[in-house]
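1. Please find the sequence and the predicted model below.
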Amino acid sequence: MTAPKKASTSPDTRPAPVISVIGTGYLGATHAAAMAEMGFDTIGVDVDPAKLAALSAGEVPFYEPGLPELITKHVATGKLRFTDSMADAVAAADVHFICVGTPQKAGSHAANLAYVESATRGVAEHLTHPGLIVGKSTVPVGTAERLRGIVREFTPSGIDAELIWNPEFLREGKAVADTLHPDRLVWGGASAAADAVIREVYAAPIAEGTPVVSTDLATAELVKVSANAFLATKISFINAISEMCAITGADVTTLADALGHDERIGRKFLNAGLGFGGGCLPKDIRALMHRAGELGAGRVVGLMQQVDEINMGQRERVIDMSIESLGGSVLNRRIAVIGAAFKPLTDDVRDSPALNVAAALHLRGAQVSLWDPEANDTARRSFPTLTYATSMTDAVEGADLVLVLTEWDEVVGADPAALGALVGRRSVIDARNCLPVANWVEAGWSVRSLGRPTPVTGAPVSVAAGAADALATAR
Ligand code: NAD
């Protein structure tokens, strides 16, 4: 590409590029706010009018710590605005970030690329001056090369446009810090001119010493999916080992601590439990499986298949433990579920293991009372038939069984004696291996975990027929 229209030849005098961000969901809203914080005039574009109205009013339609403050700040400074007009945004901007969704295709493991194709085409056909199109969405390898064809086809003649890929590694719950201070920056396919522009955009994190990997398109695309595949594999690995711990009486948490001291392994993503979920890992490993199959990379297919199966199996394990714990049936039993989000510090329930287990128990006839500090509303939209409690104490009132399915601080730090006074039966399944078990046992609770030995049980307030045996023998 040539330099943006507004640029003069002198890097010292040329104005900073204006940024457009196409798609203002979890990724795009955060990226747009971060671009404004880094000093760029930024315009967010979306097709969802409700989302745009909320963001324009400084409200974030999802829970992400620190993001509302950043958006409010820069809507007020005028550095950040939102529009539904792709034409206006593209005409005003020089660098266009594609941040739309790439969900799993219905009826397939493949990624649905309709949104990235439509967004790329939208940018290309509205270009009025040279532009750099920067893909951030997570896409299967080979996608960006194909999108370059769309850019060539739809960019008005005489206008210079280039597309590069710059995958995003932010974590929900820590998205603001991750975007402002990323642990690495990766982009692929950049010409010398594009490389200079993207380095200017990321000048602040680069100045902080953030490593830059500038590579080819295919490598950039694959870095992102490989990172998610590796994290998913780590979780499924420890969950597979937790099954052996459960059989032998070994303690998977101590085991993970010991493994983690080896710096080649590390302790992160080695928490055995209910497994991974959310809007990224599950669909990304399935998209990788699908793409690997298309490319004939059979070993990747087999590995990811195992990772996915182990992960989904953890949900079955918790459902089975719940049934056992209640003496063989959950029908009409009161089950308090703490947690609906796929992890703490988010209200995201996309492919959430917690919500999946809650819904499965509800469908087996249990009276499920669910509480999540942030995700009650998003969960209700997906599963309106569950009962949503207004607080943790409200959820556990009279419960025959408590399930801890998301490791929110609120439940990790809860007073087991106070909760024990409210339940019908002091029985808890710690599906995230996050509770201070000794405290709970001391308060009279029977605690069961995934791969940690069952401690000496407390005395449940009341125990349904058959449940005592199950409690004593099952793990
Ligand atoms: P999301 O569903 O929250 O947001 C996508 C947004 O794009 C929606 O607001 C939608 O209305 C909008 N959109 C769709 N088509 C559009 C179009 N043609 N023009 C303008 N807007 C359009 O999804 P997300 O979680 O933000 O994920 C987006 C991408 O980022 C995905 O590829 C995802 O894998 C990747 N990603 C997400 C995260 C994360 O933590 N959520 C992290 C890294 C990468």
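-> The structure has been received and is ready for your questions.
2. use CA for all of it now, contacts and neighbours both
-> Will do.
3. State the distance from S226 to R425.
-> For S226, the distance to R425 (Cα to Cα, to the nearest Å) stands at 45 Å.
4. Those two - which one has more neighbours?
-> Taking neighbours as other Cα atoms under 10 Å, S226 and R425 compare with R425 leading, 25 against 15.
5. Surely that one is within a helix?
-> No. Going by DSSP: H, G, I helix; E, B strand; the rest coil, the assignment for R425 is coil, not a helix.
6. gap between the residue most central in space within the chain and the ligand?
-> Nearest to the geometric centre of the chain sits G278, at 4.4 Å (Cα atoms, centre = their mean). Applying Cα to the nearest ligand atom, to the nearest Å, the value for G278 to the ligand is 8 Å.
7. right, and T24 touches D46 too?
-> Yes. The pair formed by T24 and D46 meets the contact definition of Cα atoms under 8 Å, at 5.8 Å.
8. So which of the two has more stuff around it?
-> With neighbours defined as other Cα under 10 Å, T24 and D46 compare such that T24 has more, 27 against 23.
9. which residues does the more buried one contact?
-> For T24, the contacting residues are 30, 32, 44-46, 51, 99-100, by Cα atoms under 8 Å, 6 or more residues apart in numbering.
10. Inside strands: which ones of those?
-> 44-45 (DSSP state E).
11. Distance-wise, check P61 relative to the ligand.
-> Separation of P61 from the ligand (Cα to the nearest ligand atom): 10 Å.
12. Just give the number of residues close to that residue.
-> With other Cα under 10 Å as criterion, P61 counts 16.
13. what's the helix or strand for it?
-> Using DSSP states H and E, P61 maps to neither a helix nor a strand.
14. And the next helix or strand past the strand or helix carrying K224?
-> Using DSSP H and E, K224 falls within helix 217-248. The helix or strand immediately downstream of helix 217-248 is helix 252-260, counting by DSSP H and E.
15. Give me the angle between that next one and helix 217-248.
-> Put simply, helix 252-260 runs at 130 degrees to helix 217-248, going by axes from the mean of the first three to the mean of the last three Cα atoms, to 10 degrees.
16. and the residue lying closest to V423 once chain neighbours are set aside, how many neighbours?
-> Nearest residue to V423, sequence neighbours excluded (Cα to Cα, 6 or more residues apart in numbering): G398, at 4.3 Å. Using other Cα under 10 Å, G398 has 19 other residues around it.
17. phi, psi of G398?
-> The phi/psi pair for G398 (degrees, to the nearest 10) reads phi 70, psi 10.
18. separation between it and the ligand?
-> Here G398 is placed at a distance of 36 Å from the ligand (Cα to the nearest ligand atom).
19. remind me which residues of the chain are low pLDDT?
-> Filtered on pLDDT under 70, the chain yields the residue ranges 1-13, 455-475.
20. what does it put close to the ligand?
-> 22-28, 45-48, 99-102, 115, 118-119, 137-138, 168-172, 279-280 (Cα under 6 Å from any ligand atom).
21. Residue in the stretch 251-400 of the chain with the shortest distance to the ligand?
-> Residue of the stretch 251-400 of the chain nearest the ligand, by Cα to the nearest ligand atom: C280 (5.0 Å).
22. Now do the same contact list for that residue.
-> Applying Cα under 8 Å, 6+ apart to C280 gives the contacts N228.
23. Contact partners for T83?
-> Counted by Cα under 8 Å, 6+ apart, T83 has contacts 43-46, 52, 89.
24. Report the secondary structure state of the residue nearest to the centre of the chain.
-> Per three-state DSSP, G278 ends up coil.
25. With R81 instead?
-> Of the three states, R81 takes strand according to three-state DSSP.
26. how close does the closest residue to it other than its chain neighbours get to T77?
-> Using Cα to Cα, 6+ apart and skipping the chain neighbours, the partner closest in space to R81 is I43 (5.0 Å). Going from I43 to T77 by Cα to Cα gives 13 Å.
27. which of those two has more neighbours?
-> Remark: of I43 and T77, I43 carries more neighbours, 27 against 12, as counted by other Cα under 10 Å.
28. Cross-check the contact I'm expecting between the residue nearest to R81 and A89.
-> Yes. In this structure I43 lies within contact range of A89 using Cα under 8 Å: 6.1 Å.
29. Overlap of the contact sets of the two?
-> Common contacts of I43 and A89, defined by Cα under 8 Å, 6+ apart, comprise 20, 83.
30. any idea how far A438 is from G444?
-> 10 Å.
31. what packs against the host helix or strand of A76?
-> Assigned by DSSP H and E, A76 falls within helix 67-77. With contacts taken as 3 or more Cα pairs under 8 Å, 6 or more residues apart in numbering; DSSP states H and E, helix 67-77 sits against helix 26-37, strand 80-83.
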